[in-house]
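# 3D, please:
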Amino acid sequence: MPYNPALDGVRALSILAVVVFHCELPGARGGFVGLDVFFVLSGYLITSLLAAEYRNGGIEIGRFYARRALRLYPTLLLMIAVYVGLAPILWPADDRWLSAVLAALYVYDYALAFWELAYTIGHTWSLGVEEKFYLLWPLVLPLLLRRRHPVGWLVFAFIAVSAWRYFVAMDGTWSQAYFRFDTRMSGILLGAIAALIRFKVSKHALAIACLMLLVLLALPSLPTSNQTEAVTLRITLAELSAFVLICYAAENGRATFLASRPMAYIGRLSYGIYLWHFPLALLLRDAQPLWITLSVTFAFSFTMAAICLHLVDMPLKRWRQKAWPEVRSTA
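As a prediction, the model looks like this:
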(Lines give C-alpha, C1' and ligand atoms only; values in the text may rest on other atoms or scores of the structure.)
Protein backbone atom coordinates (compact mmCIF):
# COMPACT_ATOMS: atom_id res chain seq x y z
CA MET A 1 0.00 0.00 0.00
CA PRO A 2 1.28 3.52 -0.77
CA TYR A 3 2.01 5.56 2.32
CA ASN A 4 -0.79 7.96 3.28
CA PRO A 5 0.38 10.57 5.84
CA ALA A 6 -3.19 11.76 6.49
CA LEU A 7 -4.03 8.38 8.03
CA ASP A 8 -1.11 8.84 10.40
CA GLY A 9 -2.65 12.22 11.20
CA VAL A 10 -5.85 10.44 12.19
CA ARG A 11 -3.76 8.20 14.45
CA ALA A 12 -2.24 11.31 16.02
CA LEU A 13 -5.63 12.80 16.84
CA SER A 14 -6.74 9.51 18.35
CA ILE A 15 -3.73 9.02 20.61
CA LEU A 16 -3.80 12.64 21.80
CA ALA A 17 -7.45 12.21 22.79
CA VAL A 18 -6.67 9.01 24.69
CA VAL A 19 -3.69 10.48 26.56
CA VAL A 20 -5.50 13.61 27.76
CA PHE A 21 -8.44 11.43 28.80
CA HIS A 22 -6.22 9.18 30.90
CA CYS A 23 -4.59 12.26 32.44
CA GLU A 24 -8.13 13.39 33.36
CA LEU A 25 -7.99 16.71 31.57
CA PRO A 26 -11.24 18.65 32.12
CA GLY A 27 -13.06 19.02 28.83
CA ALA A 28 -11.68 15.71 27.52
CA ARG A 29 -13.58 13.24 29.70
CA GLY A 30 -14.86 11.46 26.61
CA GLY A 31 -11.40 11.02 25.11
CA PHE A 32 -11.71 7.24 25.22
CA VAL A 33 -13.52 7.55 21.87
CA GLY A 34 -10.01 7.81 20.41
CA LEU A 35 -9.89 4.03 20.72
CA ASP A 36 -12.99 3.72 18.57
CA VAL A 37 -11.21 5.74 15.88
CA PHE A 38 -8.22 3.39 16.22
CA PHE A 39 -10.43 0.34 15.75
CA VAL A 40 -12.04 1.72 12.59
CA LEU A 41 -8.63 2.70 11.23
CA SER A 42 -7.21 -0.77 11.94
CA GLY A 43 -10.11 -2.38 10.13
CA TYR A 44 -9.56 -0.08 7.15
CA LEU A 45 -5.79 -0.55 6.90
CA ILE A 46 -5.64 -4.31 7.40
CA THR A 47 -8.59 -4.99 5.09
CA SER A 48 -7.05 -2.76 2.39
CA LEU A 49 -3.76 -4.63 2.68
CA LEU A 50 -5.27 -8.10 2.68
CA ALA A 51 -7.73 -7.32 -0.12
CA ALA A 52 -4.85 -6.10 -2.29
CA GLU A 53 -2.93 -9.32 -1.56
CA TYR A 54 -6.03 -11.37 -2.37
CA ARG A 55 -6.41 -9.65 -5.75
CA ASN A 56 -2.72 -10.17 -6.54
CA GLY A 57 -2.56 -13.90 -6.08
CA GLY A 58 -3.77 -14.72 -2.61
CA ILE A 59 -3.12 -13.92 1.04
CA GLU A 60 0.06 -15.35 2.54
CA ILE A 61 -1.33 -15.94 6.02
CA GLY A 62 1.91 -16.98 7.71
CA ARG A 63 3.74 -13.98 6.28
CA PHE A 64 0.96 -11.68 7.49
CA TYR A 65 1.11 -13.12 11.02
CA ALA A 66 4.89 -12.74 11.10
CA ARG A 67 4.70 -9.11 9.94
CA ARG A 68 2.18 -8.29 12.65
CA ALA A 69 4.25 -10.03 15.32
CA LEU A 70 7.44 -8.19 14.36
CA ARG A 71 5.59 -4.89 14.25
CA LEU A 72 3.71 -5.17 17.55
CA TYR A 73 5.33 -7.67 19.89
CA PRO A 74 8.84 -6.28 20.59
CA THR A 75 7.64 -2.94 21.99
CA LEU A 76 4.88 -4.65 23.97
CA LEU A 77 7.32 -7.11 25.53
CA LEU A 78 9.70 -4.28 26.41
CA MET A 79 6.91 -2.37 28.16
CA ILE A 80 5.84 -5.52 30.03
CA ALA A 81 9.43 -6.17 31.13
CA VAL A 82 9.78 -2.63 32.50
CA TYR A 83 6.45 -3.01 34.31
CA VAL A 84 7.45 -6.32 35.91
CA GLY A 85 10.72 -4.80 37.05
CA LEU A 86 9.16 -1.67 38.57
CA ALA A 87 5.90 -3.12 39.90
CA PRO A 88 7.29 -4.19 43.33
CA ILE A 89 8.32 -0.55 43.90
CA LEU A 90 5.57 1.46 42.21
CA TRP A 91 2.61 -0.94 42.24
CA PRO A 92 3.31 -3.42 45.07
CA ALA A 93 -0.34 -4.51 45.32
CA ASP A 94 -0.40 -5.76 41.71
CA ASP A 95 -0.12 -9.42 40.83
CA ARG A 96 2.48 -8.39 38.28
CA TRP A 97 3.12 -11.81 36.79
CA LEU A 98 -0.57 -12.44 36.15
CA SER A 99 -0.90 -9.01 34.53
CA ALA A 100 2.21 -9.64 32.43
CA VAL A 101 0.92 -12.99 31.16
CA LEU A 102 -2.53 -11.59 30.34
CA ALA A 103 -1.00 -8.69 28.41
CA ALA A 104 1.53 -10.86 26.57
CA LEU A 105 -1.17 -13.32 25.50
CA TYR A 106 -3.53 -10.54 24.41
CA VAL A 107 -6.38 -11.66 26.66
CA TYR A 108 -6.71 -8.64 28.92
CA ASP A 109 -9.95 -7.72 27.12
CA TYR A 110 -11.84 -10.75 28.44
CA ALA A 111 -9.96 -10.74 31.74
CA LEU A 112 -11.14 -7.20 32.54
CA ALA A 113 -14.66 -8.04 31.44
CA PHE A 114 -15.05 -10.88 33.94
CA TRP A 115 -12.42 -10.49 36.68
CA GLU A 116 -11.39 -7.89 39.21
CA LEU A 117 -7.80 -7.20 38.19
CA ALA A 118 -5.05 -4.64 38.59
CA TYR A 119 -5.44 -2.10 35.82
CA THR A 120 -1.85 -0.82 35.65
CA ILE A 121 -1.27 -2.34 32.22
CA GLY A 122 -4.94 -3.05 31.64
CA HIS A 123 -4.90 -0.65 28.70
CA THR A 124 -3.53 -3.58 26.69
CA TRP A 125 -7.13 -4.84 26.47
CA SER A 126 -7.49 -2.88 23.21
CA LEU A 127 -4.47 -4.70 21.79
CA GLY A 128 -6.26 -7.94 22.61
CA VAL A 129 -9.27 -6.80 20.57
CA GLU A 130 -7.10 -5.95 17.57
CA GLU A 131 -4.93 -9.07 17.84
CA LYS A 132 -7.95 -11.37 17.63
CA PHE A 133 -8.96 -9.48 14.51
CA TYR A 134 -5.47 -9.97 13.04
CA LEU A 135 -5.68 -13.70 13.74
CA LEU A 136 -9.14 -14.25 12.29
CA TRP A 137 -9.45 -11.77 9.43
CA PRO A 138 -6.93 -13.33 6.97
CA LEU A 139 -8.94 -16.54 7.26
CA VAL A 140 -12.38 -14.96 6.95
CA LEU A 141 -11.80 -12.23 4.37
CA PRO A 142 -11.09 -14.53 1.38
CA LEU A 143 -14.36 -16.37 2.06
CA LEU A 144 -16.17 -13.05 2.28
CA LEU A 145 -14.66 -11.69 -0.94
CA ARG A 146 -15.93 -14.73 -2.83
CA ARG A 147 -19.50 -13.76 -1.93
CA ARG A 148 -21.58 -11.74 -4.35
CA HIS A 149 -22.16 -8.82 -1.96
CA PRO A 150 -19.31 -8.75 0.59
CA VAL A 151 -20.08 -5.21 1.73
CA GLY A 152 -23.69 -6.16 2.43
CA TRP A 153 -22.51 -9.00 4.66
CA LEU A 154 -20.19 -6.60 6.49
CA VAL A 155 -23.00 -4.09 7.04
CA PHE A 156 -25.15 -6.87 8.47
CA ALA A 157 -22.27 -7.97 10.75
CA PHE A 158 -21.71 -4.39 11.94
CA ILE A 159 -25.39 -4.01 12.86
CA ALA A 160 -25.45 -7.43 14.54
CA VAL A 161 -22.34 -6.76 16.67
CA SER A 162 -23.61 -3.30 17.66
CA ALA A 163 -26.94 -4.82 18.71
CA TRP A 164 -25.09 -7.53 20.63
CA ARG A 165 -23.09 -4.87 22.52
CA TYR A 166 -26.30 -3.07 23.45
CA PHE A 167 -27.83 -6.34 24.66
CA VAL A 168 -24.77 -7.20 26.78
CA ALA A 169 -24.74 -3.68 28.24
CA MET A 170 -28.37 -3.88 29.25
CA ASP A 171 -28.28 -7.48 30.49
CA GLY A 172 -24.79 -7.61 32.01
CA THR A 173 -22.24 -5.11 33.28
CA TRP A 174 -20.63 -2.09 31.69
CA SER A 175 -17.23 -3.80 31.62
CA GLN A 176 -18.58 -6.82 29.76
CA ALA A 177 -19.99 -4.59 27.04
CA TYR A 178 -16.96 -2.34 26.78
CA PHE A 179 -13.84 -4.54 26.84
CA ARG A 180 -14.64 -7.74 24.96
CA PHE A 181 -13.63 -8.48 21.39
CA ASP A 182 -17.06 -9.80 20.49
CA THR A 183 -18.72 -6.54 21.60
CA ARG A 184 -16.07 -4.13 20.28
CA MET A 185 -15.32 -5.46 16.80
CA SER A 186 -18.10 -3.35 15.29
CA GLY A 187 -15.66 -0.49 14.65
CA ILE A 188 -13.19 -2.85 12.98
CA LEU A 189 -15.97 -4.12 10.71
CA LEU A 190 -16.89 -0.55 9.82
CA GLY A 191 -13.27 0.07 8.85
CA ALA A 192 -13.39 -3.02 6.63
CA ILE A 193 -16.46 -1.57 4.92
CA ALA A 194 -14.56 1.67 4.30
CA ALA A 195 -11.71 -0.31 2.72
CA LEU A 196 -13.99 -2.11 0.28
CA ILE A 197 -16.31 0.68 -0.86
CA ARG A 198 -14.03 3.77 -0.95
CA PHE A 199 -16.80 6.07 0.23
CA LYS A 200 -16.65 9.65 -1.12
CA VAL A 201 -16.99 12.21 1.68
CA SER A 202 -18.44 15.68 1.14
CA LYS A 203 -17.20 18.68 3.10
CA HIS A 204 -20.52 18.87 4.93
CA ALA A 205 -20.32 15.21 6.00
CA LEU A 206 -16.73 15.74 7.15
CA ALA A 207 -17.70 18.81 9.17
CA ILE A 208 -20.56 16.94 10.88
CA ALA A 209 -18.29 13.97 11.69
CA CYS A 210 -15.57 16.20 13.16
CA LEU A 211 -18.12 18.15 15.19
CA MET A 212 -19.60 14.92 16.52
CA LEU A 213 -16.17 13.66 17.59
CA LEU A 214 -15.47 16.95 19.39
CA VAL A 215 -18.80 16.71 21.22
CA LEU A 216 -18.12 13.10 22.20
CA LEU A 217 -14.65 14.09 23.39
CA ALA A 218 -15.92 16.95 25.55
CA LEU A 219 -19.02 15.43 27.14
CA PRO A 220 -18.44 13.12 30.11
CA SER A 221 -21.75 11.41 29.35
CA LEU A 222 -24.63 11.62 26.94
CA PRO A 223 -28.17 12.63 28.00
CA THR A 224 -29.71 9.17 28.12
CA SER A 225 -31.47 7.18 30.80
CA ASN A 226 -28.40 5.42 32.20
CA GLN A 227 -24.63 5.50 31.91
CA THR A 228 -24.29 2.11 30.24
CA GLU A 229 -26.65 3.11 27.46
CA ALA A 230 -24.78 6.40 27.08
CA VAL A 231 -21.47 4.62 26.62
CA THR A 232 -22.83 2.17 24.06
CA LEU A 233 -24.48 4.98 22.11
CA ARG A 234 -21.28 7.01 22.26
CA ILE A 235 -19.32 4.09 20.80
CA THR A 236 -21.67 3.81 17.82
CA LEU A 237 -21.59 7.56 17.14
CA ALA A 238 -17.79 7.60 17.43
CA GLU A 239 -17.45 4.68 15.03
CA LEU A 240 -19.70 6.28 12.41
CA SER A 241 -17.86 9.61 12.73
CA ALA A 242 -14.50 7.85 12.48
CA PHE A 243 -15.72 6.06 9.35
CA VAL A 244 -16.35 9.41 7.66
CA LEU A 245 -13.04 10.90 8.81
CA ILE A 246 -11.02 7.89 7.66
CA CYS A 247 -12.76 7.76 4.29
CA TYR A 248 -11.87 11.44 3.83
CA ALA A 249 -8.23 10.88 4.86
CA ALA A 250 -7.96 7.88 2.53
CA GLU A 251 -9.03 10.02 -0.45
CA ASN A 252 -7.04 13.09 0.61
CA GLY A 253 -3.67 11.75 1.65
CA ARG A 254 -2.08 15.21 1.48
CA ALA A 255 -4.71 17.01 3.53
CA THR A 256 -2.91 20.03 4.96
CA PHE A 257 -3.44 19.48 8.68
CA LEU A 258 -3.69 15.70 8.95
CA ALA A 259 -0.71 15.11 6.65
CA SER A 260 1.54 17.74 8.22
CA ARG A 261 4.90 16.49 9.41
CA PRO A 262 4.20 16.88 13.15
CA MET A 263 0.86 15.08 12.93
CA ALA A 264 2.21 12.30 10.73
CA TYR A 265 5.17 11.77 13.07
CA ILE A 266 2.94 11.62 16.15
CA GLY A 267 0.85 9.09 14.27
CA ARG A 268 3.93 6.95 13.66
CA LEU A 269 4.66 7.12 17.39
CA SER A 270 1.08 6.40 18.41
CA TYR A 271 1.50 2.69 19.19
CA GLY A 272 4.45 3.35 21.48
CA ILE A 273 2.76 6.34 23.09
CA TYR A 274 -0.28 4.23 23.84
CA LEU A 275 1.77 1.47 25.45
CA TRP A 276 3.96 3.72 27.60
CA HIS A 277 1.65 6.53 28.70
CA PHE A 278 -0.99 4.76 30.75
CA PRO A 279 0.91 3.27 33.73
CA LEU A 280 2.58 6.64 34.36
CA ALA A 281 -0.64 8.63 33.96
CA LEU A 282 -2.35 6.24 36.38
CA LEU A 283 0.47 6.72 38.88
CA LEU A 284 0.53 10.53 38.68
CA ARG A 285 -3.02 11.69 38.17
CA ASP A 286 -4.23 11.13 41.76
CA ALA A 287 -1.06 12.41 43.41
CA GLN A 288 0.15 15.32 41.28
CA PRO A 289 -1.32 18.54 39.82
CA LEU A 290 -2.77 18.25 36.33
CA TRP A 291 0.04 20.20 34.65
CA ILE A 292 2.67 17.84 36.09
CA THR A 293 0.66 14.77 35.09
CA LEU A 294 0.21 16.04 31.54
CA SER A 295 3.77 17.28 30.98
CA VAL A 296 5.53 14.27 32.51
CA THR A 297 3.23 11.75 30.81
CA PHE A 298 3.61 13.37 27.40
CA ALA A 299 7.38 13.79 27.74
CA PHE A 300 7.97 10.22 28.94
CA SER A 301 5.62 8.46 26.53
CA PHE A 302 6.80 10.44 23.48
CA THR A 303 10.44 9.77 24.37
CA MET A 304 9.93 6.06 24.91
CA ALA A 305 7.83 5.79 21.75
CA ALA A 306 10.55 7.50 19.70
CA ILE A 307 13.22 5.19 21.17
CA CYS A 308 11.13 2.13 20.33
CA LEU A 309 10.36 3.38 16.81
CA HIS A 310 13.92 4.25 15.83
CA LEU A 311 15.89 1.64 17.78
CA VAL A 312 13.49 -1.33 17.70
CA ASP A 313 10.79 -1.08 15.03
CA MET A 314 12.76 0.45 12.16
CA PRO A 315 15.80 -1.86 12.48
CA LEU A 316 13.45 -4.85 12.57
CA LYS A 317 11.64 -3.56 9.50
CA ARG A 318 14.91 -3.14 7.58
CA TRP A 319 15.97 -6.64 8.60
CA ARG A 320 12.63 -8.07 7.49
CA GLN A 321 12.81 -6.36 4.11
CA LYS A 322 16.28 -7.83 3.50
CA ALA A 323 15.77 -11.30 4.93
CA TRP A 324 12.25 -12.29 3.93
CA PRO A 325 12.56 -12.19 0.13
CA GLU A 326 15.31 -14.84 0.45
CA VAL A 327 13.10 -16.98 2.71
CA ARG A 328 10.21 -16.60 0.31
CA SER A 329 12.27 -17.55 -2.77
CA THR A 330 13.72 -20.55 -0.95
CA ALA A 331 10.25 -21.71 -0.02
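# contacts and neighbour counts: CA atoms only from here.
Will do.
# rounded to a whole number, what's the mean pLDDT of stretch 239-246?
The average pLDDT for stretch 239-246 rounds to 96.
# Which of the residues in it are classified as buried?
By neighbour count with 16 or more other Cα atoms under 10 Å, stretch 239-246 contains the buried residues 239, 240, 241, 242, 243, 244, 245, 246.
# Look up how far residue 63 lies from residue 167.
From residue 167 across to residue 63, the span is 37 Å (Cα to Cα, to the nearest Å).
# Settle it for me: which of those two has more neighbours?
The residue with more neighbours, out of residue 167 and residue 63, is residue 167; 15 against 12, by other Cα atoms under 10 Å.
# what stretches of this protein score poorly on pLDDT?
Residues of the chain meeting the criterion pLDDT under 70: 221-227, 229-230, 324-331.
# and residue 135, what does it touch?
residue 65 (Cα atoms under 8 Å, 6 or more residues apart in numbering).
# Show me which residues of the host helix or strand of it are buried.
Residue 135 belongs to helix 125-145 when assigned by DSSP states H and E. Buried residues in helix 125-145, counted by 16+ other Cα under 10 Å: 125-131, 133-134, 137-138, 141-142.
# Filter the buried residues of stretch 239-246 down to the ones in strands?
When DSSP state E is applied, the buried residues of stretch 239-246 are split such that none fall in strands.
# how about residue 320, secondary structure?
helix (DSSP: H, G, I helix; E, B strand; the rest coil).
# okay, now it: neighbour count?
Residues near residue 320, counting by other Cα under 10 Å, number 14.
# Equivalent analysis for residue 147, please.
Residues contacting residue 147 under the criterion other Cα under 10 Å number 11.
# ok, then the element right after the helix or strand where residue 62 lies?
Per DSSP H and E: residue 62 is located in helix 61-90. Counting by DSSP H and E, the element after helix 61-90 in chain order, helix or strand, is helix 96-104.
# So which bits of that following helix are buried?
Going by neighbour count (16+ other Cα under 10 Å), the buried part of helix 96-104 is 96, 99, 100, 102, 103, 104.
# same check, this time on stretch 278-292
278, 279, 280, 281, 282, 283, 284, 285, 290.
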